[in-house]
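Engineer: build the 3D model from these lines:
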Amino acid sequence: MFFSIIIPVFNRPDELRELLSSLTKQTYTNFEVIIVEDGSTLKADGVVAEFAASLTIRYFFKENSGQGFTRNYGFEQAKGDYFVIFDSDALIPAHYFSAVNDQLSQAWLDAYGGPDAAHPDFTPIQKAISYSMTSVFTTGGIRGSKKNLGGTYHPRSFNMGLSRKVWETIGGYKLSRMGEDIEFAIRIIENGFKTGLIQDAFIYHKRRTNFGQFYRQLRFFGRARINISRYYPSELKLVHTFPAVFTLFLVSIPVWALISPILFGLAIGFVLLLAVLILIDATQKEKSIKVGLLSVEAAFVQLTGYGIGFISEGWKRFWEPKQFRETGASIEYPS
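Structural biologist: Okay, here's the model as predicted:
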């Protein structure tokens, strides 16, 4: 199997250097690397040149159009039998492509996804953010798991592979932002292709390095879920509203103090119980009380960030013209 690795980049040359360095350590080496610079002002061509002798690598620069269309540009340049997509803020374990090749040789998947994890060298905040993105208390524990809403696995573009046939059949991404990977995965499945999780094909995902960046990212994720409902109304599930409900619950707590001291006490007790459970679970998993404490903050940032994005975009969706609300016709808000 010959793989084409597609990596969109936007103003992240230092992160790209770490990612490319990890690719030089792969035990399975039958791959090419395609770097597509999405209109960056901080270009990475110099970084790519550093790896010209150690990787089969090609570099392209294009005007900014967002990560979905940038991946499409990479697909058009690819020579491989199978395309693999990484975000630029990832580190790839040495066994990654061996694990993928073994899986595809034994039980074919037209498209796959892999989990993400925290590298031992990550900062405590990065580890806390990684925990919050996979915790049963925030995402239900389904991220990076074979469990999935609706029973069919939906790959995500931070760590995803697809056969050339998939791309030739469905034509790549139709959205460039705001849930583009969700829409892409839905279309792959609707066209009858087989998807699945390759558990051993995990990556180390650095995500964001502070809670401000993490909040903005999760707020965008919340908006993206509503944006997908413009295309696929049935994909908006009850479970997707939980962060929004939790956010509204937190905001309402001061009101309970005016209505009933008992209800106020119960509300505060629930929040404290959730925080303690997260603290205990994260501390046990990460073997660090510091990461455990930061995980409490990360979880609340995640839930409220997603919730606020979901509410704000949902409100916008509600007031859209009737024909859009009834047909699921799409309006994309890129910012």
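Engineer: in a helix, A99, correct?
Structural biologist: Yes: under DSSP: H, G, I helix; E, B strand; the rest coil, A99 sits within a helix.
Engineer: what's the closest non-adjacent residue to it?
Structural biologist: D200 (3.9 Å; CB to CB, 6 or more residues apart in numbering). C-beta: built from backbone N, CA, C; applies to glycine.
Engineer: same question, Y96
Structural biologist: Y96's closest residue in space is A201 (CB to CB, 6+ apart), at 5.8 Å.
Engineer: can you pull out the low-pLDDT segments for the stretch 101-250 of the chain?
Structural biologist: Applying pLDDT under 70 to the stretch 101-250 of the chain picks out residues 140-151, 208.
Engineer: and the strands in it?
Structural biologist: 111-113, 116-117, 159-163, 195-197, 203-205 (DSSP state E, counting those that start in this stretch).
Engineer: now those as JSON lines including mean neighbour count and distance to R216?
Structural biologist: Shown next, in JSON lines, are the strands of the stretch 101-250 of the chain (neighbours: other CB atoms under 10 Å; distance: least, CB to CB, whole Å):
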{"stretch": "strand 111-113", "mean neighbour count": "25", "distance to R216": "24"}
{"stretch": "strand 116-117", "mean neighbour count": "19", "distance to R216": "19"}
{"stretch": "strand 159-163", "mean neighbour count": "25", "distance to R216": "21"}
{"stretch": "strand 195-197", "mean neighbour count": "19", "distance to R216": "28"}
{"stretch": "strand 203-205", "mean neighbour count": "22", "distance to R216": "17"}
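Engineer: make a markdown table from the ones you listed and add distance to F10 to it.
Structural biologist: Shown next, in a markdown table, are the strands of the stretch 101-250 of the chain (distance: least, CB to CB, whole Å):
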| stretch | distance to F10 |
| --- | --- |
| strand 111-113 | 22 |
| strand 116-117 | 19 |
| strand 159-163 | 18 |
| strand 195-197 | 27 |
| strand 203-205 | 17 |
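Engineer: count of residues packed around the residue nearest to A99?
Structural biologist: 15 (other CB atoms under 10 Å).
Engineer: same question, S105
Structural biologist: Neighbours of S105 (other CB under 10 Å): 9.
Engineer: how close does it get to Y82?
Structural biologist: Note on S105: its distance to Y82, by CB to CB, to the nearest Å, is 12 Å.
Engineer: ok, G161 next?
Structural biologist: Distance from G161 to Y82, by CB to CB: 6 Å.
Engineer: equivalent analysis for R71, please.
Structural biologist: For R71 relative to Y82 (CB to CB), the value is 14 Å.
Engineer: beta-bridge partners for N159, please?
Structural biologist: F86 (DSSP bridges).
Engineer: and it, what does it touch?
Structural biologist: N159 makes contact with 85-87, 90, 113-116, 201-203, 205 under the criterion CB atoms under 8 Å, 6 or more residues apart in numbering.
Engineer: got a list of what V100 touches?
Structural biologist: 3, 28, 84, 112, 114, 161, 198, 201.
Engineer: quick one, what contacts the residue lying closest to the first one once chain neighbours are set aside?
Structural biologist: This means F3. In this structure, F3 finds its nearest non-sequential neighbour in F31, 3.9 Å apart by CB to CB, 6+ apart. Shown in contact with F31 (CB under 8 Å, 6+ apart): 2-5, 23, 56, 80, 84, 97.
Engineer: wasn't A299 part of a helix?
Structural biologist: Yes: counting by three-state DSSP, A299 is part of a helix.
Engineer: tell me the one of the contacts of V100 nearest G46?
Structural biologist: Comparing the contacts of V100 against G46 with CB to CB places V84 closest, at 24.0 Å.
Engineer: how about the secondary structure of that closest one?
Structural biologist: What three-state DSSP gives for V84 is strand.
Engineer: could you measure from Y232 over to A107?
Structural biologist: Noted for Y232: a distance of 28 Å to A107, by CB to CB.
Engineer: higher neighbour count, the two?
Structural biologist: Y232 (16 against 10).
Engineer: burial measure for the nearest residue to the more buried one once chain neighbours are set aside, as a count.
Structural biologist: Leaving out its chain neighbours, the residue that sits closest to Y232 by CB to CB, 6+ apart is I186, at 5.8 Å. By the criterion of other CB under 10 Å, I186 has 19 neighbours.
Engineer: just the CA trace of stretch 275-283, in CSV.
Structural biologist: Taking Å, rounded to 0.1, in the frame of the first residue of the first chain, the C-alpha atoms of stretch 275-283 are listed here in CSV:
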residue,chain,number,x,y,z
ALA,A,275,-15.8,18.6,39.5
VAL,A,276,-14.7,16.0,42.1
LEU,A,277,-15.5,13.1,39.8
ILE,A,278,-13.5,14.7,37.0
LEU,A,279,-10.6,15.4,39.4
ILE,A,280,-10.5,11.9,40.7
ASP,A,281,-10.8,10.3,37.2
ALA,A,282,-8.3,12.6,35.5
THR,A,283,-5.8,12.3,38.4
